[in-house]
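K.L.:
Have a look; sequence and predicted model below, questions after that.
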Amino acid sequence: MSVLDPRALGVYVVTSSGMVSGRGHLEVALAAIRGGAGAIQLRAPELTDAELLLLAEVLAPACTGAGVVCAVNDRVEVAARVGCSAHVGQLDRPEMARAVLGRSGYLGVSVEDATEARVAEAVGADYLGVTVWSTTTKPGAEPRGLDGLREIVSATSLPVVGIGGIDASNACDVLGAGAAGVAVLSAVGAADDPEAATRELVDVVTRWKERQR
């Protein structure tokens, strides 16, 4: 497996279902791919493993064909079966996730502080996720704010992605705190036009990074 290019994490879209009538995970993901997202996370807690596998088997090759990173949330066994990446939280035993995933994909780990960041790096994570602001789509996550994000970024050599309450209006604040990219769920999944919403985010992130050169 090659080393993860942090540029792939610039705009990271997490899928959703039911935010807009008739729009499911696949529709959100394909719109995000067309909009230029660098990574897609299939987050579908409402699906059984069998249902999730069927969906991942469709999405993974679509992502590969577009040069987009494809990750499955939490269920590493499903990710391993389709040969894509995985993203896990602290309760999902990240120390075991790499062994299950093998080297077939990248491993992302959600962390809340510098200690968890160092541990995740030690057990084989390729990137980290940090909740920046509170969000109704993941109410159990502890928001760390921009200062907490900076602390975690400074504690690891891995690329860090900010998530939670992020959209085109505040994405630059997250990048300015040291994040390699921004992850969004409702900003794309609940948008009137998810492809256009993704494209707007990509444009914001791209222009910010060009200004830092």
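P.N.:
Thanks, I have it.
K.L.:
Can you list the buried residues in the helix-or-strand element of the chain with minimal mean pLDDT?
P.N.:
Least confident helix or strand, the chain: helix 94-101 with a mean of 92, by mean pLDDT, DSSP states H and E. Under the neighbour-count criterion of 16 or more other CB atoms under 10 Å, helix 94-101 has 94, 97, 98, 101 buried. No exception for glycine: its C-beta is placed from N, CA and C like everyone else's.
K.L.:
same deal with stretch 146-154?
P.N.:
146, 148, 149, 150, 151, 152, 153.
K.L.:
still on that earlier bit, out of the buried residues of helix 94-101, the closest to residue 140 would be?
P.N.:
residue 94 (16.6 Å; CB to CB).
K.L.:
quick one: secondary structure of the residue lying closest to the closest one once chain neighbours are set aside?
P.N.:
Leaving aside its sequence neighbours, residue 94 sits nearest to residue 109 (CB to CB, 6 or more residues apart in numbering; 4.6 Å). Judged by DSSP: H, G, I helix; E, B strand; the rest coil, the three-state class of residue 109 is strand.
K.L.:
what's the answer for the one 10 residues further on, then?
P.N.:
Of the three states, residue 119 takes helix under three-state DSSP.
K.L.:
Kindly tell me how buried it is, as a neighbour count.
P.N.:
By other CB atoms under 10 Å, the residues close to residue 119 number 15.
K.L.:
now it: how far from residue 113?
P.N.:
Residue 119 sits 10 Å away from residue 113, going by CB to CB, to the nearest Å.
K.L.:
and if you look at residue 161?
P.N.:
Taken as CB to CB, the span from residue 161 to residue 113 is 16 Å.
K.L.:
Between those two, tell me which one has more neighbours.
P.N.:
residue 161 (28 against 14).
K.L.:
Check what pLDDT the residue sitting nearest the centre point of the chain gets.
P.N.:
Centroid-nearest residue in the chain, with CA atoms, centre = their mean: residue 12, separated by 4.7 Å. Predicted confidence (pLDDT) for residue 12: 98.
K.L.:
swap in residue 1?
P.N.:
Reading off the model, residue 1 has pLDDT 66.
K.L.:
can you check the one 5 residues further on too?
P.N.:
In this prediction, residue 6 carries a pLDDT score of 92.
K.L.:
ok, it - contacts?
P.N.:
127, 159, 180, 181 (CB atoms under 8 Å, 6 or more residues apart in numbering).
K.L.:
What of residue 71?
P.N.:
Counting by CB under 8 Å, 6+ apart, residue 71 has contacts 39, 40, 41, 42, 79, 84, 85, 86, 87, 105, 106, 108.
K.L.:
Since that was my last question, I'll sign off now.
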